[in-house]
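>>> Need a 3D model of the following:
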Amino acid sequence: MNFSHTSVLLHETVDALVTDPEGVYADGTLGGGGHSFEICRRLTGNGRLVGFDQDADAVRAASERLAPFADRVRIVHGNYSEMTACMREMGEPAADGILLDLGVSSYQLDEPSRGFSYREEDAPLDMRMDQRQSRTARDILAEYSEPELYRMIRDYGEERYAKNIARQIVRAREKSPVETTGQLNEIIRAAIPAKARATGGHPSKRTYQALRIELNRELEVLDDSLDGMIDLLKPGGRICVITFHSLEDRIVKVNFKRNENPCTCPPDFPVCVCGKVSKGRVLTRKPILPSEEEMAANSRSKSAKLRIFEKGK
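Next comes the predicted model:
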């Protein structure tokens, strides 16, 4: 197994994250261990890292990559939503920094058997981040009603032709199950007008994104986890989140803003009476973007955005 993945916004992220080289850090999305390796390289003394990933291949790859730092690293095969509970069980009730590098890894996209890539024409439609779960993208395509497929593709893929794609999926599966990337690509291609297919990249891109997000509950898990992660931070600790599409970025932006200013009183109230107190401050009024050099070297970095929140002291 060659788990290759180029870490995006590596130095920008780790520079902001590691404020105390003897602190405790959590990487909620280990992947190939690129960000974690750089974090560990900067740790001294009692500094330590807890890494999480729900993908068993990522856990194996990161374990190998981080082997030189085995004395200061603990790796958990699990979703970052389990971070608070797991760290408390380990005797780490608070963190100096937390990292989330969201989305799909280069390895997951490039490994045909995982079914994440629309560029493969004969791969199984799997798309599970955590292969311990039984449900796959094939199951969604087989079981969802036409309105459910439409809602998913519209909301999570932001696809203009979601209604027609959903209709064509239902028609196609009446003849035979939709089980491969090639089959799905053909259905999507037929559902989108030729003029629209000629612009805007691969016609399947948005539908595949929608399927992956729905199957892995990516936005729901993110939205449900951020508050707890901010609570897990020590005073002055930071959470850094790298997103790759507008749906993720919007959740992070809104959450950070609400944690900075949670007051729900009407604007014309002279004083706050709701009693909600700020948890800290947003350090990125505008997200940090990759440099021109990074985007030229790694095309998958082009949509990346880094946002940072600092816990109040």
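>>> can you pull out the strands in this structure?
With DSSP state E, the ranges of strands along the chain come out as 24-27, 48-53, 73-77, 95-101, 233-243, 280-282, 305-311.
>>> Need the winner for burial among these.
For the strands of the chain, average neighbour numbers computed from mean count of other C-beta atoms under 10 Å are highest in strand 24-27, which has a mean of 28. C-betas here are computed from N, CA, C, even on glycine.
>>> pLDDT averaged over it - what is it?
Per-region confidence: strand 24-27 scores 98 on mean pLDDT.
>>> coming back round to it: of the strands of the chain, which approaches S291 most closely?
Of all these, it is strand 305-311 that lies closest to S291, at 11.9 Å by C-beta to C-beta.
>>> hmm, back to that, any chance of the strands of the chain in a markdown table, with distance to A196 too?
Converted to a markdown table, these look like this (distance: least, C-beta to C-beta, whole Å):
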| stretch | distance to A196 |
| --- | --- |
| strand 24-27 | 39 |
| strand 48-53 | 37 |
| strand 73-77 | 41 |
| strand 95-101 | 32 |
| strand 233-243 | 26 |
| strand 280-282 | 37 |
| strand 305-311 | 26 |
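>>> Can you list the buried residues in the worst-scoring helix or strand of the chain on mean pLDDT?
Least confident helix or strand of the chain, by mean pLDDT, DSSP states H and E, is helix 106-110 with a mean of 84. For helix 106-110, a neighbour-count test (16 or more other C-beta atoms under 10 Å) marks 106-110 as buried.
>>> Sketch out the low-pLDDT regions of this structure for me.
The model of the chain has pLDDT under 70 over residues 1-5.
>>> Closest to the centroid, which residue in it?
Here the mean C-alpha position of the chain is nearest to the C-alpha of L102 (C-alpha atoms, centre = their mean), at a distance of 2.1 Å.
>>> Just to check, it is in contact with L247?
No - here L102 lies out of contact with L247, judged by C-beta atoms under 8 Å, at a distance of 10.2 Å.
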